[in-house]
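Trainee: Fold the following for me, if possible:
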Amino acid sequence: MGGYYFVQAGVYLIEIIFGLYILAVLLRYLLARVRADFYNPCSQVLVKVTNPLIKPLRRFIPGYLGIDWASIILLFSLQGLELILVTLITVGPIPAPMGLFVLSLACLLQVIIYVHMFIIIMQIVISWVNPGTYNPAIVIMQQLSAPLLKPARRLIPPVGGFDWSPMLVLIAMNLMLILMVSPLMDLGRRLSI
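Mentor: Numbering: from 1, shown residues only. Next up, the predicted model:
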């Protein structure tokens, strides 16, 4: 019975350590995609944290078509390694390669959606509490959410001074979690056997 608690503690530590680093690499990738301010202090922290693994990969895996393939391969590798370690600790056998790939893809999509949902919710709260303030983190959040909110604002313009576009984006993201990520997770689990 005591072993169960150690297993849970091990899984928790693995998920926290890998989750934080995956988040850092993902944010660096997303910031590069939206061409966020590289000299922003938040961007600089992400660069310093992720450079030890991304820089060596970039020597062998160059960017192509404006996509940082080194970051994408690092994200899939880290997510796959996390899934392998958690599976080894909890269940035992390593998942089949195709199942591992699909599960990694589903987990990364889930993280991307959760990051954007968190950013949009934080922007909503900040706009209520202290609108118009400048902070480097707020600038980064605006740059990350702009590609999602601009098309939504074209569909639903502000009404009565209230911007409904974040609500539309949050609904769409929840639908993506239900209709895209969940089926991918199920498929990945079936292929892992």
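Trainee: When you work out contacts or count neighbours from here on, use the C-alpha atoms and nothing else.
Mentor: Noted.
Trainee: Would you map the helices across this protein?
Mentor: Under the criterion DSSP state H, the chain contains helices at 2-33, 41-60, 69-90, 97-129, 136-155, 165-176, 182-192.
Trainee: now the fourth one: mean pLDDT?
Mentor: In this model, helix 97-129 has an average pLDDT of 93.
Trainee: what's the answer for the last one, then?
Mentor: For helix 182-192, the mean pLDDT works out to 93.
Trainee: and if you look at the fifth one?
Mentor: The average pLDDT for helix 136-155 rounds to 89.
Trainee: Run the chain-centre distance for that helix.
Mentor: Distance, stretch centre to chain centre, for helix 136-155: 16 Å (C-alpha atoms, centre = their mean, to the nearest Å).
Trainee: Likewise for the last one?
Mentor: In this view, helix 182-192 has its centroid 19 Å away from the chain centroid, taken as C-alpha atoms, centre = their mean.
Trainee: CA atoms only for it - export them in CSV, please.
Mentor: In CSV, the C-alpha atoms belonging to helix 182-192 read as follows (Å, rounded to 0.1, in the frame of the first residue of the first chain):
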residue,chain,number,x,y,z
SER,A,182,-10.3,13.7,-26.7
PRO,A,183,-10.7,11.5,-29.8
LEU,A,184,-6.9,11.8,-30.5
MET,A,185,-6.2,10.7,-26.9
ASP,A,186,-8.5,7.7,-27.2
LEU,A,187,-6.9,6.8,-30.6
GLY,A,188,-3.5,7.1,-29.0
ARG,A,189,-4.4,4.8,-26.1
ARG,A,190,-5.8,2.2,-28.5
LEU,A,191,-2.7,2.3,-30.7
SER,A,192,-0.4,2.1,-27.6
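Trainee: Make JSON lines from the helices of the chain and add mean neighbour count to it.
Mentor: Formatted as JSON lines, those follow (neighbours: other C-alpha atoms under 10 Å):
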{"stretch": "helix 2-33", "mean neighbour count": "16"}
{"stretch": "helix 41-60", "mean neighbour count": "14"}
{"stretch": "helix 69-90", "mean neighbour count": "18"}
{"stretch": "helix 97-129", "mean neighbour count": "17"}
{"stretch": "helix 136-155", "mean neighbour count": "16"}
{"stretch": "helix 165-176", "mean neighbour count": "16"}
{"stretch": "helix 182-192", "mean neighbour count": "17"}
